[in-house]
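Participant: Give me a model of this one.
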Amino acid sequence: MIGVLQKEISCVMLEAISLRKSSSLREEGGEGMNTKLKTTTCVLLFLPTYFLLYAFFHEAGHALVILAYGGTIDEFVVLSLTPYVSAIGTELTVFGAALLYVAGLLLPTLVGALVLSFYRPSARFDGYHACFFITLLSLLNSILLWVSFPALSLFMPLPRGEDVTRFLDVVGVHPLFVSLGALFLAGALLLLAYQKGILGNVNERFTALLEGSRSDEEIQRSRWALVAFVLLVMMTMPVIYNMFVLTQ
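Facilitator: Numbers count the residues shown, from 1 in each chain. Predicted coordinates for the structure are as follows:
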């Protein structure tokens with residue numbers, strides 16, 4: 001009789017453990033889906049906000065130089081597909097004109113670097129890390145325009161309305177010096193991202209995403225393939241944009 005009761009108790013306990021495990025797995029699956037949804041929503045909301053803020057600081061960079069040289073802001077438009085700032089009464093020196101055109105790059109880059117300096121690697125929310133990484137990539141893409149466009153100017157004409165084109169016209173230096181200066185700025189931004197742990201954290205999360213389904217060698221190849229793809233896109237976008245503008 002005691003043996004039968006022991007068997008029944010053991011069966012009940014095993015069923016309870018099995019139910020607890022299945023319930024735990026369902027909860028983990030639900031939390032995983034919920035986390036992915038939150039991350040996706042966060043990124044989708046962040047992207048338009050970022051581009052709006054970038055446009056504001058880009059035009060604000062131009063506006064500050066105009067005000068510094070005694071000009072008056074006539075129009076300051078950000079909520080548009082083509083943001084712009086117009087002014088009257090501005091008397092620019094050669095240095096002032098060069099500063100005017102490069103300020104649209106420098107101010108958002110400085111503000112972005114300040115934001116990146118507040119990055120916390122210990123944050124648990126994936127959307128937080130994704131937004132910082134997107135910020136880094138977008139800032140680098142803007143800087144790489146100043147790397148590729150001067151180099152392209154050696155082989156083809158550049159769009160006349162671009163800040164980098166006007167900058168090259170004003171300063172009169174060899175375009176490759178401008179490319180080298182932009183590369184230095186991109187390197188400084190990457191160094192900041194490395195020191196704050198942004199690059200390392202993204203690498204760890206990418207590796208964790210692939211662990212269990214691929215070998216270490218395959219993960220390494222996938223990592224380098226992703227880096228190569230990002231660099232390829234960032235370097236070819238200015239060329240495609242330049243060819244598109246010139247054909248209009």
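Participant: how much space between Leu168 and Leu176?
Facilitator: 11 Å (CB to CB, to the nearest Å). C-beta coordinates here come from the backbone N, C-alpha and C atoms, glycine included.
Participant: what do these two both touch?
Facilitator: Pro150 (CB atoms under 8 Å, 6 or more residues apart in numbering).
Participant: So the two - more neighbours on which side?
Facilitator: Ranked by neighbour count (other CB atoms under 10 Å), Leu168 and Leu176 place Leu168 first, with 21 against 13.
Participant: hang on, isn't the more buried one packed against Pro150?
Facilitator: Yes - using CB atoms under 8 Å, Leu168 is in contact with Pro150, at 6.3 Å.
Participant: Tell me who's in contact with Phe56.
Facilitator: By CB under 8 Å, 6+ apart, the residues touching Phe56 are Val78, Pro83.
Participant: what touches both of Leu168 and Pro150?
Facilitator: By CB under 8 Å, 6+ apart, Leu168 and Pro150 have these common neighbours: Pro175, Val178.
Participant: which SS class is Ala87?
Facilitator: Assigned state for Ala87: strand (three-state reduction, DSSP: H, G, I helix; E, B strand; the rest coil).
Participant: check contacts around it.
Facilitator: Ala63, Ile66, Gly71, Thr72, Ile73, Asp74.
Participant: What's the separation between Leu183 and Gln195?
Facilitator: On the measure of CB to CB, Leu183 and Gln195 end up 19 Å apart.
Participant: just the strands in this structure please.
Facilitator: Using DSSP state E, the strands of the chain run over 72-77, 84-88.
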